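Student: Everything below, folded, please.
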Amino acid sequence: IDQLTGVFNYRYFQIRLAQEMRRSTRYNLPLVLLILDVDQFGHYVEKKGEYYGNLVLKKISEIVRKNIRGSDVFVRHGVDSFAIILTNTFLSSGIILAKRFVSMIHDYPFLCEDVQPKGRITASIGASAFKGHSSEELIRSAESAVSSAITKGRNRVETSQE
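Tutor: Predicted coordinates for the structure are as follows:
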C-alpha cells in the first residue's frame, strides 16, 4: 500500500497485471489499462510546496477510487501518476471512464490551483487494450498514449496507436 494515497503500490500492480492478463487470455475477456498523469505536477509542487502536492494526490486517488468497480485495480504508478486495470472492460468503455476522470479532476476546486499554467489542476490519461502482448508492451503502450495526450495539449485522453 502506498503510504500517502492509501492505494496499492507499483509492486502490487505488477503482480495483479500479470494475473489479470492471464485471466483475460484464459477466458477471452477484454482488459484495459489506463495510466493517469497529473499535468505539470512538478510546477504545482514547486510553487505551492509538497504539502499541497500531497493533498492533490490524495484527492485524485479518492476521486478515482470512488468511481471504479471492486474488480478494478487502482495503483500509484509513479510520483504523479496512477494506473488503473479495468477488468472485463472493452476499450470504448475504458475511454468513457477515462474521460469522466479527466472531467472530474478538471472540475474539482483544488486548493491554490490558480498557480498552474492554465489555472487548473488537470490530468492526462493514456488507454491501452490488452491484445495478447506482454505486460511490458501493454504498459509501454499506455505510457505512449499518455505522452501523446501531453503532447496534444494535456487534460485529455488518448489511446495507443499500436
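
Student: quick one: residue 73 from residue 59, how far?
Tutor: Note on residue 73: its distance to residue 59, by CB to CB, to the nearest Å, is 20 Å. All C-beta atoms are positioned from the backbone trio N, CA, C, and that covers glycine.

Student: try residue 94
Tutor: 22 Å.

Student: These two: who's more crowded?
Tutor: More crowded of residue 94 and residue 59, by other CB atoms under 10 Å: residue 94, with 23 against 16.

Student: element containing the closest residue to that one other than its chain neighbours, please.
Tutor: Spatial nearest neighbour of residue 94, chain neighbours left out: residue 32 (3.5 Å); criterion: CB to CB, 6 or more residues apart in numbering. Using DSSP states H and E, residue 32 falls within strand 31-38.

Student: Would you map the helices across this protein?
Tutor: For the chain, the helices defined by DSSP state H cover 10-27, 41-48, 50-65, 91-107, 135-151.

Student: can you tell me which residues contact residue 17?
Tutor: Each residue near residue 17 by CB atoms under 8 Å, 6 or more residues apart in numbering is listed here: 33, 73, 85, 135, 138, 139.

Student: same deal with residue 142?
Tutor: 33, 34, 35, 83, 126, 127, 128, 160.

Student: repeat that for 6 Å
Tutor: Listed by CB atoms under 6 Å, 6 or more residues apart in numbering, the contact set of residue 142 reads 33, 35, 126, 128.

Student: neighbours around the second one, how many?
Tutor: Around residue 35 there are 25 other residues, counting by other CB under 10 Å.

Student: Relative to residue 11, how far out is the most centrally placed residue in the chain?
Tutor: Nearest residue to the geometric centre of the chain (CA atoms, centre = their mean): residue 36, 2.4 Å. Going from residue 36 to residue 11 by CB to CB gives 19 Å.
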